[in-house]
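*Asks:* Can you look at this prediction? I've put the sequence above it.
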Amino acid sequence: MRTLIRGLRARVERRTRAWLKRRQGPDRDPVELHRRRIYILPTRLGIAYAAMVFAMVLGGLNYNNNLGLGLAFLLVSLGLVAMHHCHGTLSGLALRLHATRSAFAGEEVRFGLLLENHSRVPRPRIEVGLDAAPAAIVDVPPVGTVPAEIAVRAERRGRVPLARFVLATRHPLGLFRAWAVVHPEYAAIAWPRPADRSLPPPAVETDTGGAQDGARGEEDFAGLKPYQAGDSLRRIAWKAYARGQGLHIKQYAGTDVVSHVFDWDSLAGLDVETRLAQLCRWVVDAHEHGEAFGLRLPGLAIEPNIGTAHLDHCLNALALYEPGAAHG
């Protein structure tokens, strides 16, 4: 019996979701919640409240108690006002995608949203989340914005879409729940899960800068390395720091620059996903050790470099790799 009820409930939910998507269509950034796309139903507390008021009305009529009837009608008015305010809390609220945060397959990618309130009325207790996951609750100030975040588990590498999420509120009193369903076209990137540290990386390349004249060392730039305590502040690469690549030190001719080139062809005999997982492991380890690294995939070559932006570039290339596809 329980299995039958669960199956029937799942069918109703699927048909309801399909109907909502056909009715609203896909949403494009930014999304504004109009009154016609906001739905509202009483909560369990609201149903109990309605039953109590109904009992009070019956009792007042049965015993001809005007005071009881007056109190019951006052509570009915309070419920109607609460319903109106609950629906209005979502009406006119706008949202847009602020940022996405990538993660490895098996972990959670995150979508950062920005809720915007253009009215002078605050929007308290806004719930933002997926249907089955606990929702984040935020308070949107009058004529202001507030960030919210949705986490989606990435089952495999590649693009992870955010196909549907819900904004809801129970404000005020919790008697009603108003909600709106958003069908965006957002997507984050899930990187391949790194392989175990069982296969050593390819041979290291070390550029010593040749027999450069020491007097010219400050003129021949050779690369960057992560900043460490005690390094000269004069050699900090401020331009790289401004681009979000972290704090690095400039290296010049005559210093050792350790670099790797991780090549797809060096892993012959392995299947596609195993190769990507191993390349991902080497890339992550080289970044953690502060070593320069490059990447070679069929149709794509990334020159050795360092920094967080370079790491993301390589991991994204591994995540989006498609066998047989052309890469630029």
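*Replies:* Nice, I can see it. Numbering: from 1, shown residues only.
*Asks:* Ramachandran angles for the residue nearest to Arg110 when sequence neighbours are not counted?
*Replies:* Closest residue to Arg110 apart from its sequence neighbours, by CB to CB, 6 or more residues apart in numbering: Arg101 at 4.1 Å. Yep, even glycine has a C-beta here, placed from its N, CA and C like the rest. Dihedral angles phi and psi of Arg101 (degrees, to the nearest 10) take the values phi -120, psi 120.
*Asks:* I figured Arg101 hits Glu107, correct?
*Replies:* No - no contact is recorded between Arg101 and Glu107 when judged using CB atoms under 8 Å, the distance being 10.3 Å.
*Asks:* residue ranges for the helices of the stretch 101-250 of the chain, please.
*Replies:* If DSSP state H, counting those that start in this stretch is used as the criterion, the helices of the stretch 101-250 of the chain fall at 238-242.
*Asks:* So, low pLDDT: which residues of the stretch 201-328 of the chain?
*Replies:* Counting by pLDDT under 70, the stretch 201-328 of the chain contains low-confidence residues at 203-222, 228-235, 251-258, 324-328.
*Asks:* quick one: terminal-to-terminal distance for stretch 133-147?
*Replies:* Criterion CA to CA, to the nearest Å; first-to-last residue distance in stretch 133-147 is 18 Å.
*Asks:* Now that stretch: buried residues?
*Replies:* The neighbour-count criterion (16 or more other CB atoms under 10 Å) identifies Ala135, Val138, Val140, Val146 as the buried residues of stretch 133-147.
*Asks:* Format those as TSV; extra columns: pLDDT and distance to Arg44.
*Replies:* Written out in TSV, the entries for the buried residues of stretch 133-147 read as follows (pLDDT from 0 to 100; distance: CB to CB, whole Å):
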residue	pLDDT	distance to Arg44
Ala135	82	17
Val138	94	24
Val140	95	26
Val146	95	28
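*Asks:* of the residues you listed, closest to Pro323?
*Replies:* If you rank those by distance to Pro323 using CB to CB, Ala135 comes first, at 38.8 Å.
*Asks:* what's the spacing between the closest one and Arg125?
*Replies:* As for Ala135, its distance to Arg125 is 10 Å (criterion: CB to CB, to the nearest Å).
*Asks:* Can you check the distance spanned by stretch 161-170, start to finish?
*Replies:* By CA to CA, the extent of stretch 161-170 from end to end equals 28 Å.
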